[in-house]
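K.L.:
Sequence and predicted structure are below.
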Amino acid sequence: KWSYPSLHYTHYSNPLIHKATMAFQRRQKTQQKRKRGYDVLLSPLTLVAMAAFCGFVIMEEYGTFLAEETVRRKLGRTEGSMDITLDIETITPFAEICPAEYPPRHSVLHDRRDHEVHYYNATYGDFVDKFNYWMDKNYEYPDIMQYNNYKYAIWNPQLSDEAKESAASAWDATDDLKFVQGEGWVTPPKYDEADVIELEGNFVGYNSWFPGNFGHFAHDWLPTIALLRHVVPSDTKFILLDNKMSRKFLEFLDPDFYKNRIVWAPHSTVYHIKGQLTVHIPLGIPDPIFGCCSGWDPMRQWIAEKHPERTPKDEKYVIWHTRKGNSDAKHGRVLDPSIEAQALKQVEAKLKQHKKNETIVIFDGRDENGETMSIEDQFAVFRGAFAFIGPHGSGFGGNYIWTDPFASKCDERFQYLEFMPGPENPQIHDKYAHYFANIRKWPFDYHTLLYTKHSTKEITQIDLETLDDALDAMWGTPETLNVTSVEEEETSEKPEEVVKEEEKSDKE
């Protein structure tokens, strides 16, 4: 806090002041040197040079990665990868349902701020395109390889610090140095030869991440299991990691497949396949997200064949997903109760305005006893609906496969309106965290809303006027869009809590 000029004329006359002044001068010089260094570092030219250098290094590394990956892909294709031809008869192939929106790039975001919509469409569309056409525009399916006289095992989780991935190995029974490599595959560790289980016949070995998780099984496991089931002979069995959820899921989906074609494998059990072993080598994990977009047709056909139940169009209803009071909802994102009550009134009014069945089923994943609903009951709820509205979460991520699989044109697709975080509130979840990329290969009329800036990780809010915009876009016709019902006028007022919050924000 001293001023150097005020000391300049006195420091020679007092030894203490002299010492203090010298220390002050040294400190000033040091600070000036540091400042000059910062100025150099932060100068525009320096920043440009640093950015260019970093960009060069990144592009060089990325170029090397692409080159190596391209070589690996070509080697995989030319050294035994199966040629895949799909036989789709029960359903309409995905690419033929709504050609105007093919390939799928992003959902329909409803927001009255044009810049938000444009930014989302551009950034998320580019993001999804990387999965649609990874490496080249011919990529549709993972490499499916077949080996004779191989061993197979799924080891305890070891690919992730969070223990959410299980590693698998497949290797030549006569030469441990010959083993499958790629995402999700590891070098086989040491094992006791005496404990190896021999299996006669042909088998598929499949594994992925988040074993035992309902939502991840539906969109990260089942699509590839269905593809493999589609391309191998009907007497080929599957080796799958044993867990309670997977057993329940597959037993409901296909009792015959569950009973006769699965070997349930505990962790670290080695199987010697005395026949042909079929495995897949994905580009990444989860593997069903890669490629566009017929790879999910076998799963949709499988579900349609085993569960052909359909509900008459005039009896179908809307599902409203609430996370309020649900112990199974682990990550908050509960919609503000007053806003949720008002939103339900608006949905009911819009159903009436647009001459839809006015039934709304409130879904929270629990039955009348407060217990988690059985898969059979969840199937019944979703197969009877034509639309689902609610926040991002496994309430839909695991049940989307029970929606009507028989869509043959754009307006027959199941409608989904999902609430998600945006640039204003990434603390709620990842920005644009929604299921579009994961489940885009299922025929959905997919719509989204952004949470408002007043949302928190635990309690979220949506803009009710934007909700009306989305419902009009989903259900409106030229005749009904010009009609404003009495119910809509009555329910157009914002909840008192929201008004107070907005007034407070405006004052700030």
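P.N.:
Perfect, thanks for sending it. Numbering: from 1, shown residues only.

K.L.:
CA atoms for contacts and neighbours, from now on please.
P.N.:
OK.

K.L.:
What helix or strand is residue 149 located in?
P.N.:
Secondary structure from DSSP states H and E places residue 149 in strand 143-154.

K.L.:
Pass me the low-pLDDT residue ranges in the stretch 51-200 of the chain, would you?
P.N.:
Within the stretch 51-200 of the chain, the segments meeting pLDDT under 70 span 51-79, 135-138, 157-165.

K.L.:
sorry, back to before: contacting residues around the strand holding residue 149?
P.N.:
Contacts of strand 143-154 from elsewhere in the structure, counted by Cα atoms under 8 Å, 6 or more residues apart in numbering, are 76-77, 80-82, 166-173, 205, 207, 241, 265-282.

K.L.:
Filter those residues down to the buried ones, PyMOL style.
P.N.:
The PyMOL selection below is limited to those of these classed as buried (16 or more other Cα atoms under 10 Å):
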select buried, resi 76+77+81+82+166+167+168+169+170+171+172+173+205+207+241+265+266+267+268+269+270+271+272+273+274+276+277+278+279+280+281+282
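
K.L.:
Could you confirm residue 378 falls within a strand?
P.N.:
No - secondary structure of residue 378, determined by DSSP: H, G, I helix; E, B strand; the rest coil: helix, with no strand assignment.

K.L.:
where does residue 17 land on pLDDT?
P.N.:
Per-residue pLDDT puts residue 17 at 48.

K.L.:
quick revisit: mind listing what the strand holding residue 149 pairs with, with the direction of each?
P.N.:
Its sheet considered, strand 143-154 pairs with strand 168-172 (antiparallel), strand 271-281 (antiparallel) by DSSP bridges.

K.L.:
now the ones you listed as CSV including distance to residue 481?
P.N.:
Written out in CSV, the entries for the strands paired with strand 143-154 read as follows (distance: least, Cα to Cα, whole Å):
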stretch, distance to residue 481
strand 168-172, 55
strand 271-281, 50
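
K.L.:
To residue 131, which of those strands lies closest?
P.N.:
Each of these was checked against residue 131 via Cα to Cα, and the shortest separation belongs to strand 271-281, namely 15.9 Å.

K.L.:
chain center to the closest one, what's the gap?
P.N.:
With Cα atoms, centre = their mean, to the nearest Å as the basis, the distance from the averaged C-alpha position of strand 271-281 to the chain average is 30 Å.

K.L.:
Now do the buried residues in the helix or strand harbouring residue 257.
P.N.:
For residue 257, the enclosing helix or strand under DSSP H and E is helix 255-260. Judged by neighbour count (16+ other Cα under 10 Å), helix 255-260 contains these buried residues: residue 258.

K.L.:
what comes up buried for the helix or strand just after it?
P.N.:
Moving toward the C-terminus from helix 255-260, the next helix or strand (DSSP H and E) is strand 262-265. Within strand 262-265, the residues that qualify as buried by neighbour count (16+ other Cα under 10 Å) are 262-263, 265.

K.L.:
How about the secondary structure of the closest residue to residue 293 other than its chain neighbours?
P.N.:
Closest residue to residue 293 apart from its sequence neighbours, by Cα to Cα, 6 or more residues apart in numbering: residue 441 at 5.6 Å. What three-state DSSP gives for residue 441 is coil.

K.L.:
what sits up against the helix holding residue 257?
P.N.:
When contacts are defined by Cα under 8 Å, 6+ apart, helix 255-260 is touched by residues 237, 247, 250-251.

K.L.:
Stretch 380-391 now?
P.N.:
Contact partners of stretch 380-391, identified using Cα under 8 Å, 6+ apart, comprise 309-311, 315-323, 333, 335, 399-400, 402-404, 414-420.

K.L.:
again, only using 6 Å
P.N.:
Outside of stretch 380-391, the residues that reach it under the criterion Cα atoms under 6 Å, 6 or more residues apart in numbering are 311, 316-321, 402-404, 414-419.

K.L.:
Mark which of these are buried, thanks.
P.N.:
Buried, going by 16+ other Cα under 10 Å: 316-321, 402-404, 414-419, out of the contacts of stretch 380-391.

K.L.:
Which one of these is nearest to residue 435?
P.N.:
For residue 435, the closest of the buried ones among the contacts of stretch 380-391 turns out to be residue 418, at 8.5 Å, with distances computed as Cα to Cα.

K.L.:
The strand or helix carrying the closest one pairs with which strands?
P.N.:
According to DSSP H and E, residue 418 maps onto strand 414-420. Using DSSP bridges, the strands paired with strand 414-420 are strand 385-391 (parallel), strand 444-450 (parallel).
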